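Enquirer: predicted coordinates and the sequence they were generated for:
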Amino acid sequence: MLYAIFCTDRPGMHELRLATRPAHLDYVYGPEGEIIKFGGPMTTEDGGMAIGGFMIVEADSYAAAESFALGDPFAKASLFDTIVVKPWRWSFNNPDD
């Protein structure tokens, strides 16, 4: 099943995001990240600064998707103010259709 993971940074955490980014990239590009279908950072209006993240993952259960989200080094470093995990159905422009 597909799950949407939507994370919003805590205010004033840009330096923490930068410091934790290498570990985050190792996580999402490592074996754990193989469940990611697509994703990327949410940014300020001008695109100049990341302020959160969004991704779609394919997991066997809600618990597995949530565990992936909470295992992200960004989450472990308390970068996020909120982490929302919701089941998601790909309806438009699905490349598998």
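Expert: That came in fine, so what should we check first?

Enquirer: so what touches stretch 20-33?
Expert: Stretch 20-33 is contacted by residues I36, G39, M55, F68, G71, D72, P73, F74, A77, L79 when judged by CB atoms under 8 Å, 6 or more residues apart in numbering. In this view, the C-beta of every residue, glycine as well, is placed from N, C-alpha and C.

Enquirer: if we go to 10 Å?
Expert: Stretch 20-33 has contacts (CB atoms under 10 Å, 6 or more residues apart in numbering) with 13, 17, 34-36, 39-41, 50, 53, 55, 57, 67-68, 71-79.

Enquirer: so which of the residues you listed sit within helices?
Expert: If you go by DSSP state H, these have R17, S67, F68, G71, P73, F74, A75, K76 in helices.

Enquirer: the fifth one and F80 touch, don't they?
Expert: Pointing back at P73 there. No - contact criterion CB atoms under 10 Å: P73 and F80 do not qualify, at 11.1 Å.

Enquirer: ok, these two, which is more surrounded?
Expert: Neighbour totals were compared for P73 and F80, and F80 leads with 22 against 16 (other CB atoms under 10 Å).

Enquirer: in what helix or strand does the residue lying closest to that one once chain neighbours are set aside lie?
Expert: Closest residue to F80 apart from its sequence neighbours, by CB to CB, 6 or more residues apart in numbering: C7 at 4.6 Å. Assessed by DSSP states H and E, C7 sits inside strand 2-9.

Enquirer: can I get the CA coordinates of that strand in CSV?
Expert: The C-alpha coordinates for strand 2-9 follow below in CSV (Å, rounded to 0.1, in the frame of the first residue of the first chain):
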residue,chain,number,x,y,z
LEU,A,2,1.1,3.6,-0.6
TYR,A,3,1.5,6.1,2.2
ALA,A,4,2.0,9.9,2.1
ILE,A,5,4.5,11.2,4.7
PHE,A,6,4.3,14.9,5.3
CYS,A,7,6.8,16.5,7.7
THR,A,8,7.0,20.1,8.7
ASP,A,9,10.1,21.6,10.3
